[in-house]
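1. Return a 3D structure for these sequence lines:
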Amino acid sequence: MSRAKAPTDPCSANAGPSQPADADLHHTAHFNATQSSQQPLCTVERLSIPVRREFVRGFLHLPASYSADVAERVTAAAILCSGAHGGVAGPSGSYIAIGDKLASLNHGVPVLRVDYRYAADIKPCSEDVVAAMEYLESTYSISKFVLVGWSFGGAPVFTVAANEKGNVARPLTNHDDVEYTDKPKNGLLHALLLLVKQEPLEASNNCRLGQYSSYMGQAITG
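-> Predicted coordinates for the structure are as follows:
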């Protein structure tokens with residue numbers, strides 16, 4: 001009685017010594033096309049910035065190979081300030097995307113997302129923003145700043161811009177909370193971008209008209 005033969009695998013019938021599964025790919029090790037072509041366009045560094053005897057946290061988005069020794073670099077930075085609850089992500093996490101995109105441009109812009117030590121308190125929040133500016137200036141020789149404030153963040157942004165107008169190229173905000181800031185000094189009007197949200201309409205209109213009248217009056221008399 002003859003035994004049934006085990007089925008023969010046609011792929012292994014003439015196979016030689018066993019080899020690693022990726023043996024056929026060894027010759028591609030030196031092909032540039034098989035290596036990752038995606039180079040990091042920016043880096044993100046976690047910071048603890050000294051303010052008086054405390055620290056305020058922040059996240060710094062830097063273009064790749066950015067340093068104070070590089071001649072062809074952007075010597076301005078954006079500082080992003082959140083609302084009354086603080087934090088470093090911004091509305092719907094948009095500050096993270098803004099930081100990555102600006103730092104990843106062909107001429108990348110450094111972006112610092114700064115938190116508050118004491119949220120919703122204009123004076124210490126303003127000190128935090130000034131400390132962030134001083135850190136970037138001392139570490140990276142950055143001399144010009146665009147300050148961006150969401151909601152309550154508009155208050156420290158305008159307060160700092162009023163006192164540091166030589167270093168602040170643009171203050172930006174979107175909210176009625178700028179009415180709680182000290183009136184900016186003469187000469188700030190040209191550096192102003194005020195974006196007031198539509199709701200509540202009455203409060204926004206009052207704020208918008210009041211701020212416009214204040215800035216226009218100072219521009220005319222200044």
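
2. Specify the beta-bridge partners of L172.
-> Beta-bridge pairing for L172 (DSSP bridges): V148, L193.

3. So it is in contact with L147, correct?
-> Yes - contact criterion C-beta atoms under 8 Å: L172 and L147 qualify, at 7.0 Å. Every residue, glycine included, has its C-beta placed from N, CA and C.

4. more neighbours, these two?
-> Per other C-beta atoms under 10 Å, whichever of L172 and L147 has more neighbours is L147, with 30 against 22.

5. The nearest residue to that one once chain neighbours are set aside: what's it in contact with?
-> Using C-beta to C-beta, 6 or more residues apart in numbering and skipping residues adjacent in sequence, the residue nearest L147 is V157, 4.3 Å away. Contact analysis of V157 by C-beta atoms under 8 Å, 6 or more residues apart in numbering lists 81, 129, 147-149, 171-173.

6. which SS class is P156?
-> helix (DSSP: H, G, I helix; E, B strand; the rest coil).

7. okay, now it: neighbour count?
-> Neighbour tally, P156, other C-beta under 10 Å: 29.

8. Kindly report the same for the one 4 residues further on.
-> The burial metric for V160, expressed as a neighbour count using other C-beta under 10 Å, is 27.

9. quick check, it in a helix?
-> Yes - using three-state DSSP, the secondary structure at V160 is a helix.

10. Would you mind writing the CA trace of stretch 151-158 as CSV?
-> Output of stretch 151-158 as CSV, limited to C-alpha atoms (Å, rounded to 0.1, in the frame of the first residue of the first chain):
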residue,chain,number,x,y,z
SER,A,151,-10.3,87.0,24.6
PHE,A,152,-8.8,88.1,27.9
GLY,A,153,-5.4,87.8,26.3
GLY,A,154,-6.1,91.1,24.6
ALA,A,155,-5.7,92.9,27.9
PRO,A,156,-2.1,92.0,28.7
VAL,A,157,-1.3,92.3,25.0
PHE,A,158,-2.4,96.0,24.8
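
11. Roughly how far does V168 sit from A97?
-> 23 Å (C-beta to C-beta, to the nearest Å).

12. what does P110 give?
-> Where A97 is concerned, P110 sits at a distance of 16 Å (C-beta to C-beta).

13. ok, now S126?
-> 26 Å.

14. which of these two has more neighbours?
-> It is S126, of S126 and A97, that has more neighbours when counted by other C-beta under 10 Å, with 24 against 12.

15. just to confirm, which helix or strand has that one in it?
-> Using DSSP states H and E, S126 sits within helix 122-140.

16. Show me which residues of that helix are buried.
-> By neighbour count with 16 or more other C-beta atoms under 10 Å, helix 122-140 contains the buried residues 122, 124-133, 135-137, 140.

17. how about those, which pair is most distant?
-> I122 and Y140 (26.9 Å; C-beta to C-beta).

18. so where do the helices sit in the chain?
-> 94-103, 122-140, 154-163, 201-221 (DSSP state H).
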